[in-house]
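Student: Kindly generate the corresponding structure for this input.
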Amino acid sequence: MTFHFRFGPADLMRCRFSISPRWETQEAVRVLLDRRRHAYHLPWLRQIRGAAAGLDLRPLWLLMPRTGHNPDFLSPPPTGPSVTFEEELARVRATGPDAAEDDLRRSLACTPGALESEAGRRMLADPARAVQELADLMEAAWHALVAPHWPRLRALLEADVLFHSRRLAAGGLEALFDGLHPDLHWSGDTLTIDRRTHHDRSLDGQGLLLMPSAFIWPEVVGGYDPPWQPTLAYPARGIGALWTASAGPAPQALARLLGRARADVLCALTDPASTTALAHRLSLAPSTVSSHLKALQAAGLLVTSRHGHQVLYERTPLAIALTAGPDAGA
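Tutor: Down below sits the predicted model:
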């Protein structure tokens, strides 16, 4: 079975990337439900065990069938490249009861017994109340499971967007899609996803929203029915090292040259990252990290790029050579 996104001429010009904290929250909740997704996230699972025990996630799990429809209103595609969780949750809360009832009914029908369950009947009896209760639960899940780790997660997602944006610029859509996931295939004007269900959707000039996710591995998800923005969510690069400890201290020779603090900042930039992400990674104040980054940039060791409201710092070739150490060319 396959899922097809069919592109027209206008769609080729309207592909964009975005990062969604609300989507990450939904997928973090799904990781707790689906043991197949645990492999890369065991350190995180250990850290949030206590917080997760205080949440009753069963209403959200009931709307996460193994195959079939997930309610679109609970995870609306982000409207910009970088949105806050609060902005996304406000869109969820604004869902009308008629739209919510249809979405809920379609999703519950995909899980045997869910429509007849007490929780399912309660949602459908008062969809307006269900919207607010599900939003409250999603907000609690954000604060308990994701928000404490968001700087680390956001740094990973931003680095992925930067990498694939360059791939798109260098090789076009074919090179981009061939590198996103093994289940994606680009041919002619069609992007195909190997799936257990069949779906065929023309993009109709809306383009395709591309959304990296830390918690979606090993799956790639394409979806959203009209009028929602067609969206493709895929596993971000580098999740194997997401929960590992930060790199060790900078080499002594580099520390003598730049000073220990600035050398550590430079060595921590293994991937493009923002000031906030580096501060979290190094357990330093953002103002301190910002000062070091500006000094390193002025010395020609860093360049910057912008993603939404975020400024990402990246090492120059000179900096890469310095952090590699004297034995790099041996």
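Student: For the residue nearest the centre of the chain, which non-adjacent residue is spatially closest?
Tutor: Residue closest to the average C-alpha location in the chain (C-alpha atoms, centre = their mean): S213, at 2.9 Å. Nearest non-adjacent residue to S213, counting by C-beta to C-beta, 6 or more residues apart in numbering: A233, 5.1 Å away. Using the backbone N, CA and C atoms, a C-beta is placed for each residue, glycine as well.
Student: Check whether the one you found really touches Y224, as I assumed.
Tutor: No: contact criterion C-beta atoms under 8 Å: A233 and Y224 do not qualify, at 10.0 Å.
Student: how long is stretch 267-284 end to end?
Tutor: Stretch 267-284 has an end-to-end distance of 15 Å (criterion: C-alpha to C-alpha, to the nearest Å).
Student: Okay, buried residues for it please.
Tutor: Neighbour-count burial for stretch 267-284 flags 267-269, 271-282, 284 (criterion: 16 or more other C-beta atoms under 10 Å).
Student: likewise stretch 45-58?
Tutor: Across stretch 45-58, burial judged by 16+ other C-beta under 10 Å covers L45, I48, A52, L55, L57.
Student: And for stretch 80-99?
Tutor: Buried-residue list, stretch 80-99, by 16+ other C-beta under 10 Å: P81, S82, V83, F85, E88, L89, R91, V92, T95.
Student: Surely the fourth one touches A141?
Tutor: Looking back up the chat, that one is F85. No: under the criterion of C-beta under 8 Å, F85 makes no contact with A141, lying 10.5 Å away.
Student: joint contacts of these two?
Tutor: Common neighbours of F85 and A141 (criterion: C-beta atoms under 8 Å, 6 or more residues apart in numbering): T25.
Student: could I get the buried residues of stretch 80-99 as a markdown table with pLDDT, secondary structure and distance to A321?
Tutor: Shown next, in a markdown table, are the buried residues of stretch 80-99 (pLDDT from 0 to 100; DSSP: H, G, I helix; E, B strand; the rest coil; distance: C-beta to C-beta, whole Å):
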| residue | pLDDT | secondary structure | distance to A321 |
| --- | --- | --- | --- |
| P81 | 81 | coil | 32 |
| S82 | 80 | strand | 32 |
| V83 | 90 | coil | 37 |
| F85 | 96 | helix | 39 |
| E88 | 96 | helix | 41 |
| L89 | 97 | helix | 45 |
| R91 | 95 | helix | 46 |
| V92 | 96 | helix | 48 |
| T95 | 96 | coil | 53 |
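Student: Just name the closest of these to L301, please.
Tutor: Using C-beta to C-beta, S82 comes nearest to L301 of the buried residues of stretch 80-99, at 25.7 Å.
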